[in-house]
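Enquirer: sequence and predicted structure below; questions after.
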Amino acid sequence: MKKLWMFAALCAAFAASHAQARNTVESYPVDAALRSEPGKVNDDIALYFAGQPHPAVKKALGQFSTNKKTNAFGKTDEVACQHVFLSAVAELQERARKEGGNAVINIKSNYKNELRASDTEFTCGAGAMIAGVALVGEVVTLKGDK
């Protein structure tokens, strides 16, 4: 009988944990996120989000994507999403350096393979424990830039 009660309690706990699981998908301002942790994103690789004008492309080096996750425990969704957004942007910048580019253009959110083009907002999914941001962008060398 004791084993039956233990099993029932375990099942109830499992059911409750799944009932409380969440995946809230929201949009947040790009500018606020870029300012949220000074120094995390460098300015040596220019960033242009979907629709933003940029100098002419001298050389296209390919389209690249990133899918970053972060610990969201004890953080607001916005803080966790800003942090993971910066990690995703930094990864795109690192790819541009590796490819010999000086910019990433046409950056779009790609959360759960749903492309969302915005020059002012990014998409983030946040749960009780993890937040995630996926981005895609084109690494290029721009004319007249570094």
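Expert: Structure received. Numbers count the residues shown, from 1 in each chain.
Enquirer: can you tell me the helix or strand for the closest residue to residue 32 other than its chain neighbours?
Expert: Using C-beta to C-beta, 6 or more residues apart in numbering and skipping residues adjacent in sequence, the residue nearest residue 32 is residue 82, 7.1 Å away. (Glycine included, C-beta is placed from N, CA and C.) Element membership for residue 82, per DSSP states H and E: helix 77-99.
Enquirer: list the buried ones in that helix?
Expert: By 16 or more other C-beta atoms under 10 Å, the buried positions in helix 77-99 come out as 77-93, 95-96.
Enquirer: what of stretch 120-138?
Expert: Buried residues in stretch 120-138, defined by neighbour count with 16+ other C-beta under 10 Å: 121-127, 131-138.
Enquirer: for stretch 106-117, same thing?
Expert: Neighbour counts over stretch 106-117 (16+ other C-beta under 10 Å) mark 106, 107, 108, 109, 110, 111 as buried.
Enquirer: measure the second one to residue 127 for me?
Expert: Meaning residue 107. Distance of residue 107 to residue 127, computed by C-beta to C-beta, to the nearest Å: 24 Å.
Enquirer: next one: the last one
Expert: Distance check for residue 111 against residue 127: by C-beta to C-beta, it reads 13 Å.
Enquirer: if we can go back for a sec, quick one: the helix holding residue 82 to chain centroid distance?
Expert: With C-alpha atoms, centre = their mean, to the nearest Å as the basis, helix 77-99 stands 6 Å off its chain's centre.
Enquirer: and the next helix or strand past that helix?
Expert: Using DSSP H and E, the next helix or strand after helix 77-99 towards the C-terminus is strand 103-111.
Enquirer: list the helices and strands the helix or strand following that following strand packs on?
Expert: Counting by DSSP H and E, the next helix or strand C-terminal to strand 103-111 is strand 114-116. Using 3 or more C-beta pairs under 8 Å, 6 or more residues apart in numbering; DSSP states H and E, the elements in contact with strand 114-116 are strand 103-111.
Enquirer: sorry, back to before: farthest-separated two in the buried residues of stretch 120-138?
Expert: Largest separation among those by C-beta to C-beta: 127 and 138, giving 30.0 Å.
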